[in-house]
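Peer 1: just need the structure, nothing else, for what follows:
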Amino acid sequence: MNTRPRLRFPLAAAMLAAMTITGAGLTGCQSSSLITEPRAEDERGIALADMPPPARQSIEKLASGAQIEECRTMIEEGSRMFVAEFERDGRDVEVEVYADGRVCCVETETKLEELPRDVRASASSHLNGLNVTECVTKESKGTTTYVVEGKKTGQKVSVELDRTGKVITKEVTSGK
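Peer 2: Have a look, this model is predicted:
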């Protein structure tokens, strides 16, 4: 007779072990190789309940009771991220957290007139007459930046600016 204990739910045990291993002992932007292997599916939907508990708890705290509209998981810069979208105070918010619950980024819909004066001026010069279609305040790793996007027939410009209006990134897309 075999006296060795037998697992009745091997998949559940493996998932629990993976979540425990991936959340243990991580600091800064390091992450476990168990959750960072690039996969064919860069981004996929996920239920909030299926996220690792630390990630879910961080998202719920950031949502502050708001109804979470969409959740997904993705790999960004080699790390598994959990993303949630919700509306808070009438503004769209998107948060990205690591499996261990650390917040990577919070993006909040912002009105153009709410941006700092220097940021508005710089955005205006880089958009060069395009219609502003999106403004976002982005908080990541203790730094606040602003993303402003403009479109006009056949052209799209997205510019990310620091608090002084200095360009961090700029992307110009032309089409038919």
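Peer 1: domain map for the chain?
Peer 2: 31-105, 112-174 (automatic domain parsing).
Peer 1: and Asp162, how far from Glu113?
Peer 2: Asp162 sits at a distance of 19 Å from Glu113 (criterion: C-beta to C-beta, to the nearest Å). Just so you know, the C-beta spots here come from the backbone N, C-alpha and C atoms, and that holds for glycine as well.
Peer 1: which of these two has more neighbours?
Peer 2: Neighbours were tallied for Asp162 and for Glu113 using other C-beta atoms under 10 Å; the higher tally belongs to Asp162 (16 against 7).
Peer 1: picking that back up, reformat the domains of the chain as TSV; add mean pLDDT.
Peer 2: Shown next, in TSV, are the domains of the chain (pLDDT from 0 to 100):
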stretch	mean pLDDT
domain 31-105	85
domain 112-174	94
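Peer 1: is the residue nearest in space to the middle of the chain bridged to anything, and to what?
Peer 2: Closest to where the C-alpha atoms of the chain average out (C-alpha atoms, centre = their mean) is Glu96, at 2.9 Å. Here Glu96 sits in beta bridges with Val83, Cys105, going by DSSP bridges.
Peer 1: got the phi/psi numbers for Leu62?
Peer 2: Main-chain dihedrals, Leu62, degrees, to the nearest 10: phi -70, psi -30.
Peer 1: kindly apply the preceding question to Asp50 instead.
Peer 2: Taking degrees, to the nearest 10, you get phi -90, psi 0 for the backbone angles of Asp50.
Peer 1: need the contact list for it.
Peer 2: Contact partners of Asp50, counting by C-beta atoms under 8 Å, 6 or more residues apart in numbering, are absent.
Peer 1: just Thr145 next, same as before
Peer 2: Here Thr145 is in contact with 137-138, 160-163, 168 (C-beta under 8 Å, 6+ apart).
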